[in-house]
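K.L.:
build me a model:
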Amino acid sequence: MRLPCEVSVVSRLLPSAGLRGPGRAVRALLALGKPPGAGGGEVWLLVSTARHRPGAKYQLRENIEQLFTKFVEQGKATLRLKEPAVDVCLSKANVSQLKTFLSAVKLAHRGTNEENLPLSALVTPKASEVEKPKTKMIITSRKDYPLTQNFPYSLEHLQASYCKLARLDMRVLCLKSLRKLDLSHNRIKKLPATIGDLVNLQELNLQDNHLESFCVALCNSTLRKSLQSLDLSQNKIQALPAQFCHLRELIHLKIDDNSLIRLPFKIGQLSQLRFLSVARNKLPYLPSEFAKLSLENLDLFGNPFERPEPLVPDIQLKIPLTLLEYSARATVNYRLPYGSHVLPFHLCVDLDMAKTCQCGQACLSSFIQTTVTMNLHSVAHTVVLVDNMGGTEAPILRYFCSLTCYGQFLDRYLQSVR
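P.N.:
So this is what the prediction gives:
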């Protein structure tokens, strides 16, 4: 049996001699077995490292003084040997493999017949077996892109830029430890929903591709709990789905140089967002929930914002309200639980997209809509100028659930401009 992990072999005699122990743990391969040509039933432990691949051998039969397994669920354990007087400290091991390995060590210590043990040949391992796993790979040209070899499964950071990729390489989806994926400066048109299976992915860079949309399935995947940085700049995206706001761990978001005509309606739900850049798009105004953001840096330069028209409302108010509108408002206002198991799916979507009036009440399809001016410093500490005239204001949508609420708004607005 073989176990890749990190190992530190500490002699218990060093402190009595006034000597310090060895340094930090190194990558190693542990093996249980019998040396080639050895007779009898003796089982040995072989500890091989990159510096000493032939390794150090330790006999196991009746030679284990104690096993320390308190932190085995963290991939850690210590084998205390009687002769020589050393502690073999294991860390960063696969938990299930470590448990199996420790069980075999106990059996070997008791002298169990070798037929009942998962033994391996105690031969010098290959260099690749004892080298530290590769966690970072950077590819910046098509000729360097691996076509016949798989990516190392230990990768945590993969960059494949300027490789003329038209689609995501399915081999990337096997990299379960991946935390940072950089596919910038390629020709990718569509992302597969299976990219959401990368459960540890924190940073995704898709700058300068040919994307026209962002998949709804990704917004409902495990990326909701892991993704913190997303770069979609220099693509062809016109709108982000409403479900985009499910990515609530986002801290950095870049969507510069696209064709965005609107931001997600519920963007205020991105409570962790601190850096937002949507420069050089086609935004005419900002969604009402934009005012709920709390940013450190905001860039909206180069958008053709329309002039706010608070006195020219878009009236979609129906009087009297329909029974559907009444019941929907009550569901949202009183925070009644709902779901697709009790309501049709399209009604759940409508409730999720409910608008909020200045009075705090909800409205769905019956409302008055207008645009007002918002100073962007109210949501961001640092604001890049909206235009070349030095402005830091932008139009934002405002909704009203009734004529009364809109009338109160008009009174305050007219008083402020007098």
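K.L.:
quick one: strands adjacent to the helix or strand T373 falls within?
P.N.:
Using DSSP states H and E, T373 falls within strand 368-375. Its sheet considered, strand 368-375 pairs with strand 314-315 (antiparallel), strand 393-400 (antiparallel) by DSSP bridges.
K.L.:
any idea which helix or strand comes after it?
P.N.:
strand 380-384.
K.L.:
for that next one, packing partners?
P.N.:
In terms of contacts (3 or more CB pairs under 8 Å, 6 or more residues apart in numbering; DSSP states H and E), strand 380-384 is packed against strand 295-299. Every residue, glycine included, has its C-beta placed from N, CA and C.
K.L.:
let me see the domain layout of this protein.
P.N.:
Domain assignment for the chain, taken from automatic domain parsing, gives 2-130, 136-282, 314-417.
K.L.:
for the first one, what is the distance to the chain centroid?
P.N.:
It stands for domain 2-130. Distance of domain 2-130 from its chain centroid, counting by CA atoms, centre = their mean, to the nearest Å, is 35 Å.
K.L.:
start to end distance for it?
P.N.:
Using CA to CA, to the nearest Å, the end-to-end distance of domain 2-130 comes out at 11 Å.
K.L.:
what mean pLDDT does that domain have?
P.N.:
Across domain 2-130, the average pLDDT comes to 83.
K.L.:
so what touches the strand holding T373?
P.N.:
By CB atoms under 8 Å, 6 or more residues apart in numbering, the surrounding residues in contact with strand 368-375 are 285-286, 290-291, 306, 308-317, 392-400, 402-403, 405-406, 413.
K.L.:
at 6 Å what do you get?
P.N.:
285, 308-310, 313-315, 317, 393, 395-400, 406 (CB atoms under 6 Å, 6 or more residues apart in numbering).
K.L.:
quick one, which of these are buried?
P.N.:
285, 308, 310, 313, 317, 393, 395-400, 406 (16 or more other CB atoms under 10 Å).
K.L.:
need the max-distance pair from those.
P.N.:
Spatial extent of these (CB to CB) is set by the pair L317 and E393 at 27.6 Å.
K.L.:
which stretch among the strands paired with strand 368-375 comes nearest E156?
P.N.:
Counting by CB to CB, E156 lies closest to strand 393-400 out of the strands paired with strand 368-375; the figure is 38.6 Å.
K.L.:
tell me the mean pLDDT for the helix or strand just after that closest one?
P.N.:
Next in sequence after strand 393-400, counting helices and strands by DSSP H and E, comes helix 403-417. The average of the pLDDT scores along helix 403-417 is 91.
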